[in-house]
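Colleague: this is a predicted model, with the sequence first.
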Amino acid sequence: FNGSLLILPIPSVFPLCYSTDRGPMELKEVVQILEQLAPLSLAESWDNVGLLVEPCKSRPIKTILLTNDLTQAVMDEAEAANCDLIISYHPPLFRPVKRLIQKDWKQRLALRAVEAGIAIFSPHTSWDSVKGGLNDWLLEGLGKTWSF
């Protein structure tokens with residue numbers, strides 16, 4: 001463990017583990033669960049949320065790595081762990097992409113994910129905005145209940 005897997009006391013709306021007796025799940029099933037927890041419609045209009053990288057070859061999702069930011073070190077860890085899905089809170093692809101080149105580090109990470117068959121999902125402001133989500137959790141840390 002090199003510190004890229006962040007485990008926090010996340011609000012109960014976001015369970016740290018999702019288990020099923022069926023074993024590994026297809027990517028579309030995992031994405032559906034993530035979108036049920038925090039609908040993408042809750043995200044800010046400027047944000048880039050949801051499934052950002054979908055591998056060409058479908059494979060069952062057995063290993064998910066949760067990170068705040070997708071960096072080269074996190075991608076190294078995901079590849080070493082033969083990870084199937086990275087949930088990166090902040091979207092690694094944010095602005096429109098006109099070309100996929102090695103010169104840009106974010107594009108380089110997306111290319112590595114595609115080559116390794118790793119999907120990338122980013123929830124960002126949908127996780128912030130959902131009732132009981134990160135914004136509510138952070139406000140609770142102030143010791144007050146806020147309503148807007």
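Modeller: Done, it's in. Residues are numbered from 1 along each chain as shown.

Colleague: could you check how far M75 is from S122?
Modeller: 14 Å (Cβ to Cβ, to the nearest Å). Where you see a C-beta, it was placed from the backbone N, CA and C, and this is true even at glycine.

Colleague: brain fart, L66
Modeller: From L66 to S122 the distance is 11 Å (Cβ to Cβ).

Colleague: joint contacts of those two?
Modeller: 87, 89 (Cβ atoms under 8 Å, 6 or more residues apart in numbering).

Colleague: give me the more crowded residue out of the two.
Modeller: The neighbour comparison of L66 against S122 (other Cβ atoms under 10 Å) goes to S122, with 26 against 18.

Colleague: what is the more buried one paired to in the beta sheet?
Modeller: G50 (DSSP bridges).

Colleague: so it touches I87, yeah?
Modeller: Yes. Here S122 reaches I87: they are 7.5 Å apart, a contact under Cβ atoms under 8 Å.

Colleague: stretch 44-57: which residues count as buried?
Modeller: Buried residues in stretch 44-57, counted by 16 or more other Cβ atoms under 10 Å: 47-53, 55.

Colleague: repeat for stretch 102-121
Modeller: Neighbour-count burial for stretch 102-121 [16+ other Cβ under 10 Å]: 107, 109-110, 112-114, 117-121.

Colleague: for the protein, which spans come out with low pLDDT?
Modeller: For the chain, the stretches with pLDDT under 70 are 1-22, 136, 144-148.

Colleague: so the spatially most central residue of it, which of the three states?
Modeller: For the chain, the residue nearest the mean C-alpha position is I87 (2.1 Å; Cα atoms, centre = their mean). What DSSP: H, G, I helix; E, B strand; the rest coil gives for I87 is strand.

Colleague: just to revisit the earlier point, ok, the buried residues of stretch 102-121 vs L42, which is closest?
Modeller: F121 (15.0 Å; Cβ to Cβ).
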